[in-house]
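Chemist: Provide a 3D model corresponding to the input given below.
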Amino acid sequence: MNISLRQLRAFLAVAKLRHFRRAAESLHLTQPAISRQITDLESELDVRLFDRNTREVVLTEAGRYLQLALERVLEELDGVLAHVHSESERRHGKVHVAAVPTLSAGLMPQCIAVCARDYPELTVQLHDQAQVMVLDSVRGGEVDFGLAIEPAERESFECETILHDPFVLICHRTHPFARLATLPWGKLHGEPLILLDHTSGSRRLIDQQLTMHGIEANVVQQTGHTHTAFRMVEAGLGISIAPQLSLPTSEQLVVRPLTPIASRAITLIRRRHRSLSPVAELVWAQIRSIATQLTQTRRASSKKPA
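Modeler: Model (predicted):
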């Protein structure tokens with residue numbers, strides 16, 4: 001049978017009001033539209049539901065039975081739909097977000113703080129993980145969604161790129177590169193490099209840039225976190241390439257833009273064909289908003305006269 005909810009509601013309106021015109025008015029429809037709904041319903045059920053004449057509309061025996069049954073069923077359905085709607089308006093619960101370390105430090109604290117301020121009944125649980133673990137956590141459903149470097153393999157995910165984060169050079173303030181305003185990638189040839197290891201989503205992109213510019217990489221140390229790499233640069237063990245979001249705070253280190261600009265794509269990812277809960281959607285949107293604000297701030301800073 002091909003019976004619609006609209007037909008059933010039209011039937012109930014006529015059954016209660018015993019009048020097609022008044023039923024049409026109550027549903028904000030025209031009388032011909034109501035008549036067509038009832039005719040189609042009777043045709044699908046292959047039974048007459050009303051006896052009609054010029055003065056009144058009277059339910060048949062089948063019509064009376066259908067009215068009693070439908071009133072219970074539709075009342076329950078309305079309750080279910082109201083509950084689902086109220087769930088969509090909820091602003092409390094727990095959202096699990098996996099993020100790579102540089103983004104856990106660079107974007108997530110502000111997001112968690114804003115959510116705590118605006119939605120005190122919402123908890124954002126951060127999972128600070130390496131890129132490969134973020135992807136595995138999202139793929140396995142252990143978290144609601146992830147914040148990572150754009151994955152090389154995207155078939156398992158729905159992705160939204162929210163920010164492009166450029167790579168920069170980190171060197172000791174006494175290093176010759178510290179005297180330059182910008183540094184061409186080609187200048188890195190033969191230099192001792194301290195890079196993030198291959199569990200990082202950035203390392204794949206850094207290696208691509210080194211290869212693209214024909215640089216024979218002299219990687220003397222590989223670390224799991226930028227902070228470790230920066231301490232090694234402080235100790236004079238080499239120079240480092242890092243994303244701008246992970247800038248060091250040490251007065252012993254300086255940051256120089258690399259040219260031409262190469263960036264990593266910061267991406268929100270979730271499992272393909274899996275929708276987020278309302279509260280997870282809210283946190284997703286908040287991270288996107290923070291990334292947009294950061295992009296606007298960077299553009300405004302780049303336009304300021306030197």
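Chemist: Contacts for stretch 201-216 next, please.
Modeler: 100, 102, 131, 148-152, 167, 185-186, 188-190, 195-198, 217, 241-243, 262, 264 (C-beta atoms under 8 Å, 6 or more residues apart in numbering). For every residue, glycine as well, the C-beta is placed using N, CA and C.
Chemist: Over to stretch 110-126?
Modeler: By C-beta under 8 Å, 6+ apart, stretch 110-126 touches 91-97, 99, 104, 108, 279, 282-283, 286-287, 290.
Chemist: Three-state assignment for residue 98, please.
Modeler: The three-state label given to residue 98 by DSSP: H, G, I helix; E, B strand; the rest coil is strand.
Chemist: Neighbours of residue 184, how many?
Modeler: Neighbourhood size, residue 184 [other C-beta atoms under 10 Å]: 11.
Chemist: which among the contacts of stretch 110-126 end up buried?
Modeler: 95-97, 99, 104, 108, 279, 282-283, 286-287, 290 (16 or more other C-beta atoms under 10 Å).
Chemist: Quick one: low-confidence residue ranges for the chain.
Modeler: Applying pLDDT under 70 to the chain picks out residues 82-91, 302-306.
Chemist: Can you check which helix is longest in it?
Modeler: helix 61-88 (DSSP state H).
Chemist: elements contacting that helix?
Modeler: Judged by 3 or more C-beta pairs under 8 Å, 6 or more residues apart in numbering; DSSP states H and E, helix 61-88 is in contact with helix 5-17.
Chemist: Show me what the helix or strand that the helix it packs on is followed by is packed up against.
Modeler: Counting by DSSP states H and E, the next helix or strand C-terminal to helix 5-17 is helix 20-26. Here helix 20-26 touches helix 5-17, helix 31-45, going by 3+ C-beta pairs under 8 Å, 6+ apart.
Chemist: right, and those helices - which one's nearest residue 181?
Modeler: Closest to residue 181 of those, according to C-beta to C-beta: helix 5-17, at 67.4 Å.
Chemist: So which bits of the closest one are buried?
Modeler: 7-8, 10-15.
Chemist: Now render the residues you listed as TSV, adding distance to residue 254.
Modeler: Formatted as TSV, the buried residues of helix 5-17 follow (distance: C-beta to C-beta, whole Å):
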residue	distance to residue 254
7	73
8	72
10	74
11	77
12	75
13	76
14	80
15	81
